[in-house]
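**Student:** Whatever this is, show me its structure:
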Amino acid sequence: MSLITSSIGQGLLWGILALGLYLTFRILNFPDMTVEGTFPFGAAICVSALVHGVNPLAATILSFFAGMVTGLVTGLLYTKGKIPVLLAGILTMTGVYSVNLRILGKANVGLLNKNTLLNGQLLQKLPINFPTIVVGLIIAIIVIVLLAVFLDTDLGQAFIATGDNEKMAQSLGINTDNMKILGLMLSNGLIGSAGGLLAQNGGYADVNMGIGTMVIGLAAIIIGEVVYGNLSLTARLVAVVIGSIIYRLILLLVLQLGFSTNDFKLISAIILAICMMLPLFEQKFRTRKLLKKGVEKP
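**Tutor:** Presented below is the predicted three-dimensional model:
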């Protein structure tokens, strides 16, 4: 039971990263490789702040703003420097690695005996792993509500229009470059805060903890879409978080089947590939079913 509650709690925290990735991957419709640099950057900022006695909530907020900085850098490289978005993200990700080493002073830093959002006095009274679920659920609800409100505003609609049809958005007087920069900042802000939260949950920050995070976020998005199908935009945000929980439960099942944790990256890639191919399989199945019905008609 404790393994299941742990997976649910981690799924909620990883869901924050998936929500951030959803803004660029689905709404703006382009891949942002900054993710794998932003995640450990947020963790490094948060852990460094906690080690120096900063309030856990303030440290988590700092990780959000740290993520926004990496998103701003990628956005400027992409829109003003005219560097392709994939390369702009890779450049930022590479540069942030050295910054993380500067911040932490070494490859990894622990949080032994430090106060975090997950070990407060009230939360310590809860059963094991439930503090992660409570904190993760509260933050996920806040983020989903704020994103839903933002996307329903004129600015949010301009942001959505930029991803749907950039030329049409420009013809309506929307500054699409600014929308892309805004999207990258918000996306990476959430990813940075997810790094801070998961560092607090794991008890450490490591400069290499960002490897594979993009695959994890994409897996959560795809699983949520495959399981729930066509939904409203707000419902899709909820589905992304649920997809993240399902993904963690799938990994737990794989672990119970005897696989090593060293295989998680490979398994993550396989799960993502299968989930991305499911719509194709479903379409082929429907086509064959329709053809079969057509043949059977007299």
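**Student:** can you give me the strands for the stretch 51-200 of the chain?
**Tutor:** Under the criterion DSSP state E, counting those that start in this stretch, the stretch 51-200 of the chain carries strands at the ranges 108-110.
**Student:** Which residue ranges of it form helices?
**Tutor:** Using DSSP state H, counting those that start in this stretch, the helices of the stretch 51-200 of the chain run over residues 56-79, 85-104, 121-124, 130-151, 154-164, 166-171, 176-202.
**Student:** Show the subsequent helix or strand relative to the last one.
**Tutor:** Translated: helix 176-202. Sequence-wise, the next helix or strand downstream of helix 176-202 (DSSP states H and E) is strand 204-206.
**Student:** From the contact counts, what lies against that next one?
**Tutor:** helix 35-51, strand 108-110 (3 or more C-beta pairs under 8 Å, 6 or more residues apart in numbering; DSSP states H and E). Glycine gets a C-beta too; all of them are placed from N, C-alpha and C.
**Student:** Mean neighbour count, the helices of the stretch 51-200 of the chain: which tops it?
**Tutor:** Comparing those by mean neighbour count (mean count of other C-beta atoms under 10 Å), helix 176-202 comes out on top with a mean of 26.
**Student:** Who are the packing partners of that helix?
**Tutor:** Checking 3+ C-beta pairs under 8 Å, 6+ apart, helix 176-202 ends up next to helix 2-22, helix 35-51, helix 56-79, helix 130-151, helix 154-164, helix 166-171.
**Student:** ok, back up a step: I'd like the helices of the stretch 51-200 of the chain written out as CSV, with distance to residue 49 and mean pLDDT added.
**Tutor:** Formatted as CSV, the helices of the stretch 51-200 of the chain follow (distance: least, C-beta to C-beta, whole Å; pLDDT from 0 to 100):
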stretch, distance to residue 49, mean pLDDT
helix 56-79, 4, 95
helix 85-104, 10, 93
helix 121-124, 20, 75
helix 130-151, 17, 93
helix 154-164, 30, 92
helix 166-171, 38, 90
helix 176-202, 9, 94
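**Student:** Looking at those helices, spot the one closest to residue 280.
**Tutor:** Proximity to residue 280 (C-beta to C-beta) singles out helix 154-164 among the helices of the stretch 51-200 of the chain, at 23.0 Å.
**Student:** Packing partners of that closest one?
**Tutor:** So helix 154-164, by 3+ C-beta pairs under 8 Å, 6+ apart, packs with helix 130-151, helix 166-171, helix 176-202.
**Student:** can you put those in CSV and add distance to residue 276?
**Tutor:** Putting the helices and strands packed on helix 154-164 into CSV (distance: least, C-beta to C-beta, whole Å) gives the following:
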stretch, distance to residue 276
helix 130-151, 24
helix 166-171, 24
helix 176-202, 20
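**Student:** and of those, who's closest to residue 101?
**Tutor:** For those, distance to residue 101 was read as C-beta to C-beta. The smallest value, 15.4 Å, belongs to helix 176-202.
**Student:** From the chain's centroid, how far away is that closest one?
**Tutor:** Helix 176-202 has its C-alpha centroid displaced from the chain centroid by 8 Å (C-alpha atoms, centre = their mean, to the nearest Å).
**Student:** Check whether residue 46 really touches residue 199, as I assumed.
**Tutor:** Yes. Assessed by C-beta atoms under 8 Å, residue 46 is found in contact with residue 199 at 5.5 Å.
**Student:** List the residues that are in contact with both of these two.
**Tutor:** Taking C-beta atoms under 8 Å, 6 or more residues apart in numbering as the criterion, residue 46 and residue 199 both touch residue 205.
**Student:** rewinding a little: in terms of mean pLDDT, which of the helices and strands packed on strand 204-206 ranks lowest?
**Tutor:** Here the lowest mean pLDDT among the helices and strands packed on strand 204-206 goes to strand 108-110, at a mean of 90.
**Student:** how about that strand: buried residues?
**Tutor:** 108-109 (16 or more other C-beta atoms under 10 Å).
**Student:** Residues touching it, excluding its own?
**Tutor:** Residues from elsewhere that reach strand 108-110 (C-beta under 8 Å, 6+ apart): 44, 47-48, 51, 203-207.
**Student:** One more: stretch 231-238?
**Tutor:** Applying C-beta under 8 Å, 6+ apart, the external contacts of stretch 231-238 come out as 19, 22, 26, 144, 147-148, 151, 160, 224-225, 228, 239.
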